[in-house]
Structures are given as C-alpha cells and as structure tokens.
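J.: Could you work out the structure for the sequence below:
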Amino acid sequence: MGKWKLRLEKVSWREEAKKRVALEAVKHVEDGFVVGLGSGSTAAYVIQEIGRLMRQGSLRVLGVPSSSQAMLLAVRSGIPLTTLDEYPTLDLVIDGADEVDKKLDMIKGGGGALTREKIVASAAKQVVIVADETKLVEKLGTSFRVPVEILPFALATATASIKELGGKPLLREGKGKVGAVVTDNGNYIVDVDFGAITDAEELNQLLKLIPGVIETGLFIGIADIVYLGKPDGIIKLEK
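T.: Residues are numbered from 1 along each chain as shown. Predicted structure coming up:
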C-alpha cells in the first residue's frame, strides 16, 4: 500500500502542477488574439481553460491547432478554429515540452506532432511553454530521445544516415495498432538516442540535411517563456 500511495501522490502533484502552469500561461492570452494551440497533456489544460473563459464571455479568440488531438479538444471546448492560411502570423502559441534546458531549448514530439508544432510556433510572435519541473534538464537528450519525422520512402536510408551521426534510431510503433505510428502528415517517427547532446543546434541542422527527414524534435531558440510546475509553485524561465 505504501508504494501505491507514493506513486499516486507523485501523479497527483504532477497533474496539479500542469494545471497550475496552464492557468498561468493563459494569462498571456488577450481578447481578440489568434492563438496557436499546442498538443499533449499540459497543453490540453490550456485549451480547456481558454474554452472555459470563452464560455464565460470574458475572452474571444481564434485557435490554430497543431495536431488532430488539439483540434478535437478545441472543438469540444468551444474554441472557434482558423488556419495559418488565414492568419500566417499568430499572436501567441502555448505548448508543452518533453525536455527543456536553461537556455529554453527543447525536445518536443512525444505526441507525434513535432512538425506542425514547430510550424505553428515559428508563426507566433510569442511562444510560451508549459510543463512540470521534471522536464527541466542540464543537457537535452539525457532523459528523452529525439523524435525525427521521416518520409516513409526514406526510412531505411535516413535511419542509416542517423546511425552515422552516432544516433541509435528506433521506429515508433503504435499501441493498440500493428505497425508504425503515422503522423498527421502521413510520415513515420523515429526516436533517436544520442545521449546527452553537447550542441543541439548543430545536431538539428545535421539531421535536417538528411534526405527524407521532414523535421526534428529539437526546438532551438524558439521558446520565449517557460513555466515549470512544482509541487508548491511555479518556476518561470525567460530569454
């Protein structure tokens, strides 16, 4: 019973911490904004809070979802959606992260939406990231593999090139389905273990030079503010 209690307490504080940072991040949303909606468990709390404020009548925004998951949740939350075709510049994006260092560089893509997340983030005037404090690391790659989205036709050749860079690639396979995970873009994801990454910017560029690589989960120089939830508060990191 003791072990189960400790495990439940750990899960409980992390979920409460995620909610706390989500509420803090939503304070950046102003009436009339066009907002990029991130993917993942912490970003889901952001979408739900924006929807709640809209139902109250205290906020009017348009949302641009970065994944089918974010789109479905936004619809359920009552957030009207638009596209980058209509609004190529966004006022704000709020998203999660799988790892973040003190320079605000990140690894993202645990949910498989890394390419669209990076496109949406690159279109925003301000990028706010929300996560719990366990995602803060000294060096990227220490606790999370680097997701790489690859064109299916290039899977064999691209993974061979990734190995030449010193990475250990693993094709992401579905849970509850047979075969590889397929992204919203119709591509595969390879999760690559590089160990602790010394130069994330250089690695990102080298990976993107490989024919067939669509995008990487290395988000370098993109975040403006990061909120990390603790059991008893919030850590705020800024550029």
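J.: Give me the next element, helix or strand, following the host helix or strand of residue 13.
T.: Counting by DSSP states H and E, the element that carries residue 13 is helix 2-26. Counting by DSSP H and E, the next helix or strand C-terminal to helix 2-26 is strand 34-37.
J.: What is that following strand packed up against?
T.: Counting contacts by 3 or more C-beta pairs under 8 Å, 6 or more residues apart in numbering; DSSP states H and E, strand 34-37 is packed against helix 41-56, strand 62-65, helix 68-77, strand 92-95. C-beta here means a position set from N, CA and C on the backbone, and glycine is covered the same way.
J.: Reformat these as JSON lines; add mean pLDDT and mean neighbour count.
T.: Output for the helices and strands packed on strand 34-37, formatted as JSON lines (pLDDT from 0 to 100; neighbours: other C-beta atoms under 10 Å):
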{"stretch": "helix 41-56", "mean pLDDT": "96", "mean neighbour count": "20"}
{"stretch": "strand 62-65", "mean pLDDT": "98", "mean neighbour count": "24"}
{"stretch": "helix 68-77", "mean pLDDT": "96", "mean neighbour count": "18"}
{"stretch": "strand 92-95", "mean pLDDT": "98", "mean neighbour count": "27"}
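J.: right, so of these, which gets closest to residue 207?
T.: Residue 207 lies closest to strand 92-95 among the helices and strands packed on strand 34-37, at 20.5 Å (C-beta to C-beta).
J.: in its sheet, what does that closest one sit against?
T.: In its sheet, strand 92-95 lies beside strand 34-37 (parallel), strand 127-132 (parallel), with partners assigned from DSSP bridges.
J.: what's in contact with whatever helix or strand comes next after it?
T.: Scanning forward in sequence from strand 92-95 by DSSP H and E, the next helix or strand is strand 99-100. Residues outside strand 99-100 that contact it (C-beta atoms under 8 Å, 6 or more residues apart in numbering): 106-107, 129, 131, 135-137, 140-144, 223, 226, 228, 237.
J.: Show me what the very next helix or strand once past strand 99-100 is packed against.
T.: Per DSSP H and E, the first helix or strand lying C-terminal to strand 99-100 is strand 106-107. Contact here means 3+ C-beta pairs under 8 Å, 6+ apart; on that basis strand 106-107 packs against strand 99-100, strand 218-219.
J.: now with 10 Å?
T.: Packing contacts for strand 106-107, counted by 3 or more C-beta pairs under 10 Å, 6 or more residues apart in numbering; DSSP states H and E, involve strand 99-100, strand 127-132, strand 218-219.
J.: Kindly format the C-alpha coordinates of the helix or strand that the longest one is followed by as CSV.
T.: Note on strand 127-132: by DSSP H and E, the next helix or strand toward the C-terminus is strand 146-150. Backbone C-alpha positions of strand 146-150 (Å, rounded to 0.1, in the frame of the first residue of the first chain) are rendered in CSV as follows:
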residue,chain,number,x,y,z
VAL,A,146,15.0,13.0,-30.1
PRO,A,147,11.9,12.4,-32.3
VAL,A,148,12.6,12.7,-36.1
GLU,A,149,9.8,12.7,-38.6
ILE,A,150,10.8,10.8,-41.7
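J.: which secondary structure elements does strand 146-150 contact?
T.: Strand 146-150 sits against helix 114-122, helix 155-164, strand 168-171, strand 188-193, helix 200-208, strand 213-216, strand 218-219, with contacts defined as 3+ C-beta pairs under 10 Å, 6+ apart.
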